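[1] What follows is a predicted structure for the sequence shown.
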Amino acid sequence: MSSSFGKRIKVQIFGQSHSEMLGVVIDGLPAGYEIDMERVQAFLNRRRGGQNAWSTARAEADVPRVVSGMIEGRTCGAPLCALFENSDTRSEDYDALKDIPRPSHADLYAQEKYGGYQDARGGGHFSGRLTLPLCFAGAVCKQILEERDIYIGAHIEQIYTELDEPYNPVSVSAEDLSYDGFPVNDPAVAERMQQVITDVAASGDSVGGIIECAVVGMDMGEGSPMFDGIENRISAAVFGVPAVRGIEFGAGFDAAGMLGSEHNDSLYIKDEVNIGDDDSLLFVEDVIGHKTNHAGGIVGGLSTSMPIIFRVAIKPTPSIALEQDSVKWHKEEDWEEVEEVKLNVGGRHDPCIVPRAVPCIEAAAAIALVDLMVV
Ligand SMILES: Cc1cc2nc3c(=O)[nH]c(=O)nc-3n(C[C@H](O)[C@H](O)[C@H](O)COP(=O)(O)O)c2cc1C
């Protein structure tokens, strides 16, 4: 089932961009976790559109209605279900797209798969709108992970040619992972990135970028080998976010051009540890350190206890205002009647998906990690 994720928990997302409602059911969460709904809302607000020049003008309240699974602010063990209303829809903007697919969007391929019965309004269930319930599930999972001192955060590493400071893969800490406003490490780059997006939008075009995400606080040895490795599960969840084109962990593709002596993360005994000095039980990661973190915190699918670091490539928004080449077909006629046409996409779109995708990537990682570790 393409709309559900998880083995130990089940995250089931439902709805379309312009359906009456959309939402999520999270089954299998342990009971008794206190969920701070103000923090959930603050997380959802980071993804909201309609708030600035670099996101879609579609303005939705994005306030969850939790209809089951929580009593007096705590999970109760029953499936946790949250609903969201779609109210700022303009379905007529998509009438022309029924017959003329947008290049790089799912219109043509959904038409072929669903035989014309798909909901084409606003991209249907291929829409970025479905990352709203994903972010709800992610916000809940982030709070559950924080109970175990595991923290997740992400920043915009690149928009077009503007680059932010990457995380220090050895020393990034929980304090480094929260941002006020535009999520970049170098405040000077925020304005330049926003300007790139504003200029690109003014020219009717769109732009992509890279998000770097970090997870700190994972104990050594969490995860599994082969198909259930931490990379596997995070990747599967991250590719659930539309517009993701690639993911790399640690040194990633650069590892291919390194020598083993450069890439290997050498081990050492931490200075501050005097083994046997006191009776307290030490974790292996309290004693053994890694001098570098080219592995991005994962070896053999298992956590090394170093920060998990991964980078996600986001493509430019497919819906652009510039005229594009497409084709038109008439549903009642056969494919031979198809003709080449110029397409002018209407509607309201994000000129750059990257800023709104930052919490979506954090959410995907949080869901994957809770799924790996819960029970
Ligand atoms: C937060 C977010 C917002 C998005 N907004 C738009 C948008 O306004 N216009 C658009 O064409 N695509 C948008 N997308 C991307 C499309 O949904 C996506 O490119 C399309 O479904 C095809 O899927 P794919 O790119 O994963 O192959 C958005 C994606 C996300 C994550």
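    Looks like it arrived, so ask away. Numbers count the residues shown, from 1 in each chain.
[2] quick one: contacts for Ser68?
    78-81 (Cβ atoms under 8 Å, 6 or more residues apart in numbering). Bear in mind the C-beta positions are built from the backbone N, C-alpha and C, glycine included.
[3] Beta-bridge partners for it, please?
    Applying DSSP bridges to Ser68 yields these beta-bridge partners: Cys81.
[4] And Ile26, by the same measure?
    Val11, Leu80.
[5] surely it meets Val11?
    Yes - the pair Ile26 and Val11 qualifies as a contact (Cβ atoms under 8 Å) at a distance of 5.3 Å.
[6] Check the burial of Arg46 by counting its neighbours.
    By the measure other Cβ atoms under 10 Å, the count of residues near Arg46 is 19.
[7] quick one, helices of the stretch 1-150 of the chain?
    Assigned helices in the stretch 1-150 of the chain, in chain order: 37-47, 107-114, 131-146 (criterion: DSSP state H, counting those that start in this stretch).
[8] which SS state does whatever residue of the stretch 151-300 of the chain ends up closest to the ligand fall under?
    Taking Cβ to the nearest ligand atom, the ligand has its nearest neighbour within the stretch 151-300 of the chain at Pro242, 3.4 Å off. Reduced to three states with DSSP: H, G, I helix; E, B strand; the rest coil, the structure at Pro242 is coil.
[9] residue contacts, the closest residue to Lys142 other than its chain neighbours?
    With Cβ to Cβ, 6 or more residues apart in numbering as the criterion, Lys142 has its nearest non-adjacent residue at 4.5 Å, and that residue is Ala366. By Cβ under 8 Å, 6+ apart, the contact list for Ala366 reads 138-139, 141-142, 145, 152.
[10] Which strand residues bridge Val341?
    In beta-bridge terms (that is, DSSP bridges), Val341 pairs with Ser326.
[11] Does it touch Glu323 like I think?
    No - with contact defined as Cβ under 8 Å, Val341 does not reach Glu323; the gap is 10.2 Å.
[12] what are the phi and psi angles of the residue nearest to Lys142?
    When read as degrees, to the nearest 10, the backbone of Ala366 gives phi -60, psi -40.
[13] Any idea which residue of the protein lies closest to the ligand?
    Gly128 (2.5 Å).
[14] Now do the same contact list for the nearest residue to that residue once chain neighbours are set aside.
    Spatially, and ignoring its direct neighbours in sequence, Gly128 is nearest to Pro242 (5.5 Å; Cβ to Cβ, 6+ apart). The neighbours of Pro242, taking Cβ under 8 Å, 6+ apart as the test, are 126-128, 130-131.
[15] one more time with 10 Å
    If a contact means Cβ atoms under 10 Å, 6 or more residues apart in numbering, then Pro242 has 105-106, 123, 125-131, 314-315, 318, 353, 357, 360 as its contacts.
[16] ok, then the element right after the helix or strand of the chain with the lowest mean pLDDT?
    Every helix and strand in the chain was compared by mean pLDDT, DSSP states H and E; the lowest is helix 284-287, with a mean of 88. Next helix or strand after helix 284-287 toward the C-terminus (DSSP states H and E): strand 288-290.
[17] Of all the contacts of Pro242, the one with the weakest confidence?
    In terms of pLDDT, Gly123 ranks lowest among the contacts of Pro242, with 87.
[18] my read: that residue touches Gly347, true?
    Yes - Gly123 lies in contact with Gly347 (Cβ atoms under 10 Å); the separation is 9.3 Å.
[19] quick one: which of those two has more around it?
    Of the pair Gly123 and Gly347, Gly123 is the one with more neighbours under other Cβ under 10 Å, namely 27 against 20.
[20] In strands, which of the contacts of Pro242 appear?
    Residues of the contacts of Pro242 located in strands (DSSP state E): Ile314.
[21] just curious, which of the contacts of Pro242 is nearest to Ser55?
    When those are compared for distance to Ser55 (Cβ to Cβ), Ile353 comes out closest, at 8.8 Å.
[22] tally of neighbours for that closest one?
    Using other Cβ under 10 Å, Ile353 has 29 other residues around it.
[23] show me where pLDDT drops low in the stretch 151-300 of the chain?
    Along the stretch 151-300 of the chain, segments meeting pLDDT under 70 span 272-281.
[24] of all the residues in it, which ones are close to the ligand?
    By Cβ under 6 Å from any ligand atom, the residues of the stretch 151-300 of the chain that approach the ligand are 241-243.
[25] Am I right that Thr89 is in contact with Arg58?
    Yes - with contact taken as Cβ under 10 Å, Thr89 and Arg58 are classed as touching, separated by 7.9 Å.
[26] where do the contact lists of the two overlap?
    Common contacts of Thr89 and Arg58, defined by Cβ under 10 Å, 6+ apart, comprise 17, 122, 129.
[27] Neighbours of the closest residue to Asp107 other than its chain neighbours, how many?
    Taking Cβ to Cβ, 6+ apart as the measure, Asp107 lies nearest to Pro101, with 3.7 Å between them; neighbours along the chain are not counted. Pro101: 21 surrounding residues under other Cβ under 10 Å.
[28] dump the residue contacts of Pro101.
    107-112, 120, 326-329, 343.
[29] More neighbours: Ile26 and Val11, which one.
    Between Ile26 and Val11, counted using other Cβ under 10 Å, Val11 has the larger neighbour count: 30 against 25.
[30] just checking, that one touches Gly23?
    No - at 11.3 Å, Val11 does not count as touching Gly23 under the criterion of Cβ under 10 Å.
[31] tell me, what's touching the two both at once?
    Joint contacts of Val11 and Gly23 (Cβ under 10 Å, 6+ apart) are 133, 136.
[32] For stretch 255-264, give me every contacting residue.
    248-251, 254, 290-292, 294-296.
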